[in-house]
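>>> quick one, what's the 3D model for this:
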Amino acid sequence: MIEAIKSLFLILSALFPIVDPLGGSPIFLAMTREYSRGTRRALSWRIAMNSFFLLVGSYFIGTHILTFFGISLPVVQVGGGLIVISTGWSLLKRGSSDDQKGAKKNLQPEDPFHNAFYPLTLPLTVGPGSISVAITLGANAPHHQGFDPLSIVIAIVGSVLLAASIFLCYAFADRLARIFGPTGMTVILQLTSFLLVCIGVQIVWNGVSALLISLPMHAR
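Okay, the predicted model is just below:
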């Protein structure tokens, strides 16, 4: 039991700071500001479910998928990092222009789930950093050395807890906005967008560094 708790804590401590649903809630709110509260919560549930399956899939079969297509983790980091940079930069340029346009709060979009997977789930919620960590955790888990039901259950429970935190933070992002007010949320959005760009640059650099290190090995 103690080992199971340690394994669960390892999964949560490794993935929660990278997924960071609390830090992502202002971006989610900014990208869904024209949605009604009910639609936003339904979308939060969809994102949480997408994140759960993405984390579980990365944990259990991520290494096999990358091996099948001949893709390395550094390449995933470079590609995903570029997407994160692009998304963060577009949000940073947007600024408070949406506030100046006076968006309607109760507007019902024609397809509210159009962006549920991309970009709201991938890469804004579960990005290349989260996927890389999940794949690494899965590659070093006991189930790769044989069938281990306990490790499988622990991984699923950890992913459920992460998905629940994503749903709660996103579904009630509007309450956070009321606490901080329009000016406070604009400041938080600008800071978060800038950090998103920086995170994307760091992810790209990690991937590029790993690729540069591997060059002498391929040259032999």
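>>> when you work out contacts or count neighbours from here on, use the C-alpha atoms and nothing else.
Will do.
>>> for stretch 73-87, buried residues please.
Of the residues in stretch 73-87, those scored as buried under the neighbour-count criterion (16 or more other CA atoms under 10 Å) are 73-78, 80-85, 87.
>>> so which of these are in helices?
Where the buried residues of stretch 73-87 overlap with helices, as defined by DSSP state H, the overlap consists of 73-78, 80-85, 87.
>>> same list, these, but as TSV with pLDDT and distance to residue 116 please.
Written out in TSV, the entries for these read as follows (pLDDT from 0 to 100; distance: CA to CA, whole Å):
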residue	pLDDT	distance to residue 116
73	81	25
74	86	26
75	87	24
76	83	21
77	81	22
78	88	23
80	79	17
81	82	19
82	87	20
83	81	16
84	79	16
85	86	19
87	77	15
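>>> make a markdown table out of these and add distance to residue 117.
A markdown table is the format used below for these (distance: CA to CA, whole Å):
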| residue | distance to residue 117 |
| --- | --- |
| 73 | 21 |
| 74 | 23 |
| 75 | 21 |
| 76 | 17 |
| 77 | 18 |
| 78 | 20 |
| 80 | 14 |
| 81 | 17 |
| 82 | 17 |
| 83 | 14 |
| 84 | 14 |
| 85 | 18 |
| 87 | 14 |
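>>> closest to residue 185 out of the residues you listed?
The nearest member of these to residue 185, counting by CA to CA, is residue 87 at 18.0 Å.
>>> what's near enough to touch the closest one?
If a contact means CA atoms under 8 Å, 6 or more residues apart in numbering, then residue 87 has residue 197 as its contacts.
>>> again, but for residue 28
120, 170, 173.
>>> helices - which of the residues you listed land there?
Secondary-structure check on the contacts of residue 28 using DSSP H: residues within helices are 170, 173.
>>> among the contacts of residue 28, which one has the most neighbours?
residue 170 (28 neighbours; other CA atoms under 10 Å).
>>> what about it, distance to residue 57?
Between residue 170 and residue 57 the computed distance is 22 Å (CA to CA, to the nearest Å).
>>> next one: residue 89
29 Å.
>>> and what of residue 33?
The separation that residue 33 has from residue 57, given CA to CA, amounts to 30 Å.
>>> with residue 195 instead?
Separation of residue 195 from residue 57 (CA to CA) stands at 27 Å.
>>> can you check residue 74 too?
Taking CA to CA as the criterion, residue 74 is separated from residue 57 by 19 Å.
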